[in-house]
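**Q** Sharing a model that was predicted from the sequence below.
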Amino acid sequence: MKTQICTGRSFEFYFPDVDTLLLAEHQADKVVIRATKNTFSERRKITFIHHLASEGFIPDYYQWLSNLDPAWSNIYWRIDYSWLRIHRATVIKARKFMIGFLASAIALWFGLMLAVFQHWI
């Protein structure tokens, strides 16, 4: 599990075994966990919440949570990927690669056309 701290009281987690990103947000009186996929069982969700509480990401009293009923636990588990953003560095790297790739393809095409019209091929 990889962790990245975000602004405020929200934390990102990545689980490579199920290829799922989680965003845990601790607000004044509730915890909202946003997952990119529905890959967590009920037991794994509870274990994850126990881990969050034991590591200090959310209040300690969530360590004794036994089910995810939001009526009394104030934990809301959502399947939502709208919080994901593409990092600017990734966009810049992809743009540089595509410009180089297209420039190479155009140069190759012109070279082949030159070879055909000069009867080299």
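**A** That came in fine, so what should we check first? Residues are numbered from 1 along each chain as shown.
**Q** average pLDDT for the longest helix along the chain?
**A** Counting by DSSP state H, the longest helix found in the chain is helix 88-117. On average, the pLDDT along helix 88-117 is 96.
**Q** Please, where are all the helices along this structure?
**A** With helices called from DSSP H, the chain shows them at 42-55, 70-73, 88-117.
**Q** starting at the chain centroid, how far to the last one?
**A** In this case it means helix 88-117. Distance of helix 88-117 from its chain centroid, counting by Cα atoms, centre = their mean, to the nearest Å, is 30 Å.
**Q** Go through that helix and flag the buried ones.
**A** Under the neighbour-count criterion of 16 or more other Cβ atoms under 10 Å, helix 88-117 has nothing buried. Just so you know, the C-beta spots here come from the backbone N, C-alpha and C atoms, and that holds for glycine as well.
**Q** which stretches of the protein have low pLDDT?
**A** The model of the chain has pLDDT under 70 over residues 1-8, 70-72.
**Q** May I see the domains of it written out as residue ranges?
**A** 2-79, 86-121 (automatic domain parsing).
**Q** Return the most buried member of the ones you listed.
**A** domain 2-79 (a mean of 14; mean count of other Cβ atoms under 10 Å).
**Q** can I get the helices of the chain in a markdown table with distance to Arg34?
**A** Output for the helices of the chain, formatted as a markdown table (distance: least, Cβ to Cβ, whole Å):
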| stretch | distance to Arg34 |
| --- | --- |
| helix 42-55 | 13 |
| helix 70-73 | 14 |
| helix 88-117 | 21 |
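**Q** Out of these, which gets nearest to Ala28?
**A** helix 70-73 (15.2 Å; Cβ to Cβ).
**Q** was I right about Ile46 contacting Trp64?
**A** No - between Ile46 and Trp64 no contact is recorded; they are 10.6 Å apart, counting by Cβ atoms under 8 Å.
**Q** related to what we said a few turns ago, out of the helices of the chain, which gets nearest to Tyr14?
**A** Between Tyr14 and the helices of the chain, the tightest spacing by Cβ to Cβ is seen for helix 42-55, at 12.4 Å.
**Q** and the residue nearest the centre of the chain, what are its bridge partners?
**A** With distances taken as Cα atoms, centre = their mean, Leu21 lies nearest the centre of the chain, 4.2 Å away. Judged by DSSP bridges, the bridge partners of Leu21 are Tyr14.
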